[in-house]
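Colleague: Provided below are the primary sequence and the corresponding predicted coordinates.
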Amino acid sequence: MGKYYLYNGKQVGFVRKAIDDVVLVEEGWISEVQNHFGKRTHDKLLAIPAEILKNGGFPPVSRAQSWIILLEILNKGVPEALRDADSDEKIGKGTLLKDIAKAPVRAAAAVVDTTAAATGAVVGAAASVVSTTAETTVDVAEGAVDVVEDVVEDVAEVVSGEETVDGEGSE
């Protein structure tokens, strides 16, 4: 049985679901995460604020201080940027792990976009400077664009889930 929460973090009943946007969380999910931390350690979770503070030049914090910092941040409700009314009320509609897996692909796509733009600028400058070789330059540019388009298509396939990062099709 799931529990419904408002985006501010307050637990509400089933009837409230019809009135407000809510987040559905299965009780089993909470138990599983609590059991994970009970059997293992909280250190990975506590390392997040500790690392942020270290990188910000703050002195080291204790595990309890890190815990309280997390409580203060998390007790403010769901930030606007994390809200997804289309999937938050449904089981099995989330994309968090897919979004995390796509981050390296997005970075690669940004590199391809930057490279394509730089290639286009270089080719354009060369064509205007050497007008006698304009036709050859255009042929080279078209070949470069074809290569870039192939790379972009490959990246798009990975992002859309048609291929996984290791080249195998997804199921």
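Modeller: The structure has been received and is ready for your questions. Numbers count the residues shown, from 1 in each chain.
Colleague: after the helix or strand hosting residue 67, next one along is what?
Modeller: Secondary-structure assignment from DSSP states H and E places residue 67 in helix 63-74. Counting by DSSP H and E, the next helix or strand C-terminal to helix 63-74 is helix 85-88.
Colleague: about what we covered before: list the buried ones in the helix holding residue 67?
Modeller: 66, 69 (16 or more other CB atoms under 10 Å). No exception for glycine: its C-beta is placed from N, CA and C like everyone else's.
Colleague: got the contact list for that helix?
Modeller: 9, 42, 43, 45, 46, 47, 48, 49, 50, 53, 61 (CB atoms under 8 Å, 6 or more residues apart in numbering).
Colleague: Identify the farthest-apart pair in those.
Modeller: Greatest spatial distance among these (CB to CB): 9 and 43, at 24.7 Å.
Colleague: where does this protein dip in pLDDT?
Modeller: 93-171 (pLDDT under 70).
Colleague: what's the domain layout of it?
Modeller: For the chain, automatic domain parsing gives the domain ranges 2-91, 97-160.
Colleague: on that earlier part again, how about the contacts of helix 63-74 in CSV, adding secondary structure and neighbour count?
Modeller: Formatted as CSV, the contacts of helix 63-74 follow (DSSP: H, G, I helix; E, B strand; the rest coil; neighbours: other CB atoms under 10 Å):
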residue, secondary structure, neighbour count
9, coil, 12
42, coil, 14
43, helix, 11
45, helix, 15
46, helix, 19
47, helix, 13
48, helix, 13
49, helix, 19
50, helix, 18
53, helix, 16
61, coil, 16
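Colleague: Between those, which sits nearest residue 81?
Modeller: For the contacts of helix 63-74, the nearest to residue 81 is residue 9 (15.7 Å; CB to CB).
Colleague: ok, and the closest non-adjacent residue to the closest one?
Modeller: Using CB to CB, 6 or more residues apart in numbering and skipping residues adjacent in sequence, the residue nearest residue 9 is residue 77, 4.6 Å away.
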